[in-house]
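*Asks:* Predicted model follows, preceded by the sequence.
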Amino acid sequence: MSDINELARANEADLCEVMTRAYEYQRVRPAVVGTTSGLETVQLTLEGKLPTPPIIATLGISLVEAAEGRAVFEGSPAEWQYNQLATVQGGWLSALLDSALGYAVQSALPASRGFTTLDLHVRFVRAVTEEVSRLRTEAHVTHAGNRTVTAEGRIVGPDGKVYATGTTSCLVLKMEQ
């Protein structure tokens, strides 16, 4: 109990260190969306000819591989992602998985088609800390219909251990050009 009382009396400046994180991103003009097939759009992004969405820079993750119905993202666990238990917050892991799943779905769509997520299910298998140097998220489409597309993926560490798995169902939309 004395530790709690000491913490309560401590000056905030003595307990906290301010950290700053900065990032840059580019926006895509809406005119680009829907003019190429999903795979072409994903490939242009992978080649650096189209910028990634701003959330990708915010999360500190990157698209590293893509093919029709498949996408791979990587990201490095870091302290800025931590929750109150000093592990990477599940929302960051979910967003990493959702990004790979979304790009896999997009890569399976024809031109003038987009999608919106109907559901995302994530199962966390083990805790992640910054000691896990890099996470790789591989996702692939399991069903590509005219109305819905489903995909599954998993987050794997450099040692081959699985840290999370997930699935998504997406509604296919006609994009206005």
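*Replies:* Right, received. Where do you want to start?
*Asks:* Val149: what's it in contact with?
*Replies:* Contact analysis of Val149 by Cβ atoms under 8 Å, 6 or more residues apart in numbering lists 105, 108-109, 115, 141, 143, 169-170, 172. (Each C-beta comes from the backbone N, C-alpha and C, glycine too.)
*Asks:* Buried among the residues you listed? Make that a ChimeraX selection.
*Replies:* To isolate the buried ones among the contacts of Val149 in ChimeraX, judged by 16 or more other Cβ atoms under 10 Å, type:
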select :105,108,109,115,141,169,170,172
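*Asks:* I'd like the contacts of Val149 laid out as TSV, including secondary structure and distance to Thr58.
*Replies:* Listed next are those as TSV, based on DSSP: H, G, I helix; E, B strand; the rest coil; distance: Cβ to Cβ, whole Å:
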residue	secondary structure	distance to Thr58
Val105	helix	21
Ala108	coil	25
Leu109	coil	24
Phe115	strand	21
Val141	strand	25
His143	strand	30
Ser169	strand	25
Cys170	strand	22
Val172	strand	27
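*Asks:* Quick check: the gap between the spatially most central residue of the chain and Gly75.
*Replies:* Central residue of the chain (Cα atoms, centre = their mean): Leu96, 2.3 Å from the mean position. Distance, Leu96 to Gly75, by Cβ to Cβ, to the nearest Å: 5 Å.
*Asks:* likewise Gln89?
*Replies:* Taking Cβ to Cβ, one finds Gln89 at 13 Å from Gly75.
*Asks:* As a check, name the ranges of all helices in this structure.
*Replies:* 2-9, 12-15, 38-46, 54-59, 90-107 (DSSP state H).
*Asks:* Mean neighbour count, those: which tops it?
*Replies:* helix 90-107 (a mean of 24; mean count of other Cβ atoms under 10 Å).
*Asks:* pLDDT below threshold where in this protein?
*Replies:* 1-16, 27-34, 177 (pLDDT under 70).
*Asks:* Nearest spatial neighbour of Leu50, chain-adjacent residues omitted?
*Replies:* Residue nearest to Leu50 in three dimensions, not counting chain neighbours: Leu44, with 4.3 Å by Cβ to Cβ, 6 or more residues apart in numbering.
*Asks:* Gln89 and Gly75: which is more packed in?
*Replies:* More crowded of Gln89 and Gly75, by other Cβ atoms under 10 Å: Gly75, with 24 against 15.
*Asks:* contacting residues around that one?
*Replies:* Contacts of Gly75 (Cβ under 8 Å, 6+ apart): 59-62, 96, 134-135, 137.
*Asks:* Equivalent analysis for Ala78, please.
*Replies:* The contact partners of Ala78, taken as Cβ under 8 Å, 6+ apart, are 60, 130.
*Asks:* Mind putting the helices of the chain into TSV with distance to Ala164?
*Replies:* TSV is the format used below for those (distance: least, Cβ to Cβ, whole Å):
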stretch	distance to Ala164
helix 2-9	33
helix 12-15	32
helix 38-46	22
helix 54-59	15
helix 90-107	5
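*Asks:* Many thanks, we can stop here.
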